[in-house]
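S.K.: only the shape, not the letters, is given here:
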């Protein structure tokens, strides 16, 4: 599309004007407020149905000239579209707030086609390929605003035109951007940023919540229904159990009652039996008593008759036993005499033996005493040895200790070392650089002279004082001089004084020390002699101690001697009354032999005595036995006599009633008759009791009662449970779970469908947004290459350095501008560029896009209106920018609008001055 | 002496037709009204009694207020009313018919004979013996009619069976729950076996009818799969052993109109729906069951929503199935929007089978890829895209 002619009337400050435009570059120049932007605005209105989103009727009202409010703003454009020349005439009737559009299309060789219907004309114009309209390939750049491209002919990569804002944004078409806004808003309302936490917006959430609630209600109703079925089963079961337990209860109760009745009958039979038994026992007792009394009388009479001979025999036996006792008493006395005689003999033998023992004891005690006295003498001798050794040690001269000797040795060594050092320090070396003669002296010796050669050291040992005489001039190196010598002597003297002081400390004179030092071995020998003396003392003491250990300490020895003496005296005292028993002169071994014989005699006497004792004991035992037998016989006689008397008394008692034996027999027969009657009665009662069976056990009764009680408790519990369940059953049934289920089963599916639809919509929206973003990124990426291909050389022309742009990862924003300088790359964010550079980049991008459009349709030109796009660019860059515009105008029709006076280098084909 | 009586069943009192939304509340009353029309029918035809073959109640447990309403309805029966429990209201522990207060109330209605036991029943001045077969459990493999003693037809009394269950072979297949022997009427010498359970009345040419076994159907529709609900049967017996003459009489309030499935195509408009609706002669008395599928453009979809809203006001209820109906903008609709560049490419992408490659760099690409292969989501995305484009264009 090429804009050939523009005629504008009644548009803001423009009364009326008509301008022709060049196919290449047209300069629209003029100072401020001359109507340049108004003219651009009019062209835009003429081309587009809605050139701006907010350009409504009230916006158009502003273009009506203030001075001529009735004058209709009119725009007429001649547009070349291929072979067609289209004249668009648009008029805004301000009073009617209506726009009108007329279209005239001319083609060579054809009559002009005129469309006066506004809508049809506008539509027809939009349908012309490359003509103005919502998709017109025209770009209008406004100063200070975003620059819009509405591109139709861009290649697929840039099919939708882009907007490059001053912030570097590349935006898709307005409609797609609007779509994006709507979808993004919808997505944000429906979904979270994290799609994994999916939700389907308010409607989905509401439907979901409703479904959840109703499903919960449905589940609750189903559970209620299930519980009703369960209750029904429970009730049926309870009823069955109650029905089944009813006969059980009756049977249990009957069994208990029967057992109780049997127990009662048994009690009655027991009572009857007891009465019969008592009668029987009574009769039986009477018979027994009668029989017993008759029998006893008979027995007593017989015993009385038999008892008299027995008493006589017993008395005879008692007399025989008594005689035996007397015999044994005589024998016992004889045995006692024999025992006493044996005892006397034994005592004599023992006394003789004791006397011999005591004599032997006296001998032993005497020997012990003598031994102790000998030991005491030996100890005294050893103590004397110790005293003598100590005296000998004390007589030795005092000797130094090891420590003292060690100190003396150390002082000696130090002194020797110092003396050696003093002699060494006196070494003198001289190195001369020329021949010299040296004279020196030591102590009182005469001075000596030495010849020294150059470079050869001359040594002087043991020098005390040096005097050097150098003939001529030379360098002298002296290692040791008089000062050092004096210092050494001073130290030697100090040490000597210290040594003297140390010797004095031990009370020895310096001379003795010198002597000691010289005869150090002698001193050592003295020390050894002292130590030997000490060792002798220690040996004597050890011997004394050993002896003391052996015989005891001297005090103990004294104690033992005193004890031995006491024991000796005691033995002698004991021996004194028995001295007659010991033959005179009997001692030692003879005493031992005699003591053996006495022991033998004692043993013999002891045996005799024991035999006598045993015989006595035997006799005494026989005597005791005989005495006991006599007692028994005597007791038997007494007992028999008492029994006879007892029988007599019993017989008297039994016959005291005065009955005769015949009377007693008659009474016994009568009692037997009564007993037979009672026995028959008892048999009858026993049979009656037997027929009633085993006694009723309390445990059985208790068990029956317990069984009945359990059955009754179970039935009561079942009845209570049945009552409760019936109540619960009716309560639950009243809630009508089946009706609720029917209702919910009908309500839930539509809600589920609503929820599914909402979720589907949410997912669809998310999918759309994601696809849109992917497409935007793809377009951005495709745009970056061609843009940079052309942008780099132009920016190099303008800025003087190679420049590229870098889009962000989404391809929708110029993120950085790369400047290649000094072999490196300087990357700056687009936003940090200067305002001039930003508008230059934006202008160049627009030019490039326009050329890209043009390149797709070589037979057509595209129109680019640039409304003062370089307001912030400096004068230095303008020439380069003009060259770029000039170059771009070879491919694209450019209308360059500026208020800048200097347009040198632009070289427009057409200039319009306002 | 001829005998005329009314045979009905499956009243399902207490039930609502929940699928019709806001009209469901009104549907509760429809059934009560239908029963009263049966009463009127019985009076009009001089019926000696009314047999109700089970499922008088919709369920075992009904709210007390509803039960009171039902008992009042039963008490208003103008002729002897013989009822048996069905599988929806079986006579068992805790069920409505087992409740003492209910039985007490019913004892106050001498004309109401609730048969809870299997025993022949005679009605005063009626030369007929009724053999009721009450149902005692929801499902049983036993034939509840088995107790009816064998006999020959043609005695001095009519022999009429009353049962609730499934007549063997009724729909061409055997039944294993609540079965009723197909030759029961012959074996028991029944002049008529009044059946309940199926909600559609037995056609006259059905084998069951030939065997003197009839289902009366429900007196009011309960679901869209019923055929000709809303009827009661008037049974004419000229003499014991004679072939019964059965007359089907409409007693319902609602005409169930189940329309054939309508399949839309995008851009094809709502013509098929209007055409189908046009065939309904009594729309205000109809409950319309629609099954819609296919695809509509967004505009058509909106129009359909408006039309259905109108239809709900025009009829007694709308039972709608439209889960398979989708929104799909036509190619022409997109063409009107003059898509360019990325706009057109986006549409192309949405029509591709696999979007994983396109979305590989997107956040949550895997999840989006999963959604992208879902045809429903894809279709919805296209529809959303169309709507948003239109909004952006406006």
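M.R.: In hand now; what should we look at? Remember, it's a predicted structure, so these values are computed and weren't measured experimentally. Residues are numbered from 1 along each chain as shown, chains lettered A, B, ... in the order given.

S.K.: and residue A:85, what helix or strand is that in?
M.R.: Element membership for residue A:85 (DSSP states H and E) is strand A:84-93.

S.K.: for that strand, buried residues please.
M.R.: Across strand A:84-93, burial judged by 16 or more other Cβ atoms under 10 Å in any protein chain shown covers A:84-92. C-beta here means a position set from N, CA and C on the backbone, and glycine is covered the same way.

S.K.: before we move on, what about stretch A:379-391?
M.R.: Buried residues in stretch A:379-391, defined by neighbour count with 16+ other Cβ under 10 Å: A:379, A:382-383, A:385-386, A:389-390.

S.K.: and residue B:289, helix, strand or coil?
M.R.: Look at residue B:289: counting by DSSP: H, G, I helix; E, B strand; the rest coil, its state is strand.

S.K.: next one: residue B:147
M.R.: At residue B:147 the chain is in coil, as set by three-state DSSP.

S.K.: correct me if wrong: it contacts residue B:120.
M.R.: No - taking Cβ atoms under 8 Å as the definition, residue B:147 is not a contact partner of residue B:120, at 10.0 Å.

S.K.: who does the strand holding residue A:85 touch, helix- and strand-wise?
M.R.: helix A:36-47, strand A:74-81, strand A:98-107, helix A:118-127 (3 or more Cβ pairs under 8 Å, 6 or more residues apart in numbering or on different chains; DSSP states H and E).

S.K.: low-confidence ranges in chain B?
M.R.: Applying pLDDT under 70 to chain B flags residues B:340-341, B:394.

S.K.: quick one: the helices in it?
M.R.: B:24-44, B:64-75, B:100-107, B:184-187, B:207-210, B:271-278, B:298-314, B:331-336, B:341-350, B:365-372, B:375-393 (DSSP state H).

S.K.: could you dump the ones you listed to JSON lines with distance to chain A and mean neighbour count?
M.R.: Shown next, in JSON lines, are the helices of chain B (distance: least, Cβ to the nearest Cβ, whole Å; neighbours: other Cβ atoms under 10 Å in any protein chain shown):
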{"stretch": "helix B:24-44", "distance to chain A": "8", "mean neighbour count": "19"}
{"stretch": "helix B:64-75", "distance to chain A": "6", "mean neighbour count": "16"}
{"stretch": "helix B:100-107", "distance to chain A": "10", "mean neighbour count": "13"}
{"stretch": "helix B:184-187", "distance to chain A": "29", "mean neighbour count": "20"}
{"stretch": "helix B:207-210", "distance to chain A": "29", "mean neighbour count": "15"}
{"stretch": "helix B:271-278", "distance to chain A": "19", "mean neighbour count": "14"}
{"stretch": "helix B:298-314", "distance to chain A": "12", "mean neighbour count": "15"}
{"stretch": "helix B:331-336", "distance to chain A": "12", "mean neighbour count": "13"}
{"stretch": "helix B:341-350", "distance to chain A": "3", "mean neighbour count": "20"}
{"stretch": "helix B:365-372", "distance to chain A": "5", "mean neighbour count": "20"}
{"stretch": "helix B:375-393", "distance to chain A": "4", "mean neighbour count": "20"}
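
S.K.: quick one: what helix or strand has the residue in the stretch 551-700 of chain A positioned nearest to chain B in it?
M.R.: Proximity to chain B, evaluated over the stretch 551-700 of chain A using Cβ to the nearest Cβ, is greatest for residue A:700 at 39.9 Å. Using DSSP H and E, the element containing residue A:700 is helix A:698-734.

S.K.: quick revisit: okay, the helices of chain B in TSV with distance to residue A:568 next?
M.R.: Output for the helices of chain B, formatted as TSV (distance: least, Cβ to Cβ, whole Å):
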stretch	distance to residue A:568
helix B:24-44	146
helix B:64-75	137
helix B:100-107	135
helix B:184-187	151
helix B:207-210	156
helix B:271-278	160
helix B:298-314	153
helix B:331-336	157
helix B:341-350	146
helix B:365-372	128
helix B:375-393	140
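
S.K.: wait, which of those helices is closest to residue B:85?
M.R.: Ranking those by proximity to residue B:85 (Cβ to Cβ) places helix B:100-107 first, at 11.5 Å.

S.K.: what segments of the stretch 101-250 of chain B are strands?
M.R.: Ranges of strands within the stretch 101-250 of chain B are B:112-114, B:121-122, B:128-133, B:158-164, B:166-167, B:179-180, B:192-196, B:213-215, B:231-237, B:245-250, based on DSSP state E, counting those that start in this stretch.

S.K.: scratch that, the stretch 251-400 of chain A is what I was asking about
M.R.: Assigned strands in the stretch 251-400 of chain A: none (criterion: DSSP E, counting those that start in this stretch).

S.K.: point out where it drops to low pLDDT.
M.R.: The model of the stretch 251-400 of chain A has pLDDT under 70 over residues A:397-400.

S.K.: again, 90 this time
M.R.: For the stretch 251-400 of chain A, the stretches with pLDDT under 90 are A:259-260, A:262-263, A:265-270, A:272-273, A:279, A:283, A:286, A:289-335, A:338-339, A:341-400.

S.K.: find the closest residue to chain B in it.
M.R.: residue A:251 (27.2 Å).

S.K.: is it true that residue A:605 touches residue A:351?
M.R.: No - between residue A:605 and residue A:351 there is no contact under Cβ under 8 Å: 11.0 Å.

S.K.: before we move on, back to that, so for chain A, which of the strands of the stretch 101-250 of chain B sits nearest?
M.R.: Among those, strand B:158-164 comes nearest to chain A, with 17.4 Å by Cβ to the nearest Cβ.

S.K.: okay, angle between the closest one and strand B:128-133 too, please.
M.R.: Using axes from the mean of the first three to the mean of the last three Cα atoms, to 10 degrees, the inter-axis angle of strand B:158-164 relative to strand B:128-133 is 20 degrees.

S.K.: which elements pack onto strand B:158-164?
M.R.: Under the contact definition 3+ Cβ pairs under 8 Å, 6+ apart, strand B:158-164 sits against strand B:128-133, helix B:184-187, strand B:192-196.

S.K.: find out how far the first one is from the centre of the chain, if you would.
M.R.: Relative to its parent chain, strand B:128-133 has a centroid offset of 28 Å by Cα atoms, centre = their mean, to the nearest Å.

S.K.: tilt between it and strand B:231-237?
M.R.: Using the same axes, to 10 degrees, the direction of strand B:128-133 lies 140 degrees away from that of strand B:231-237.
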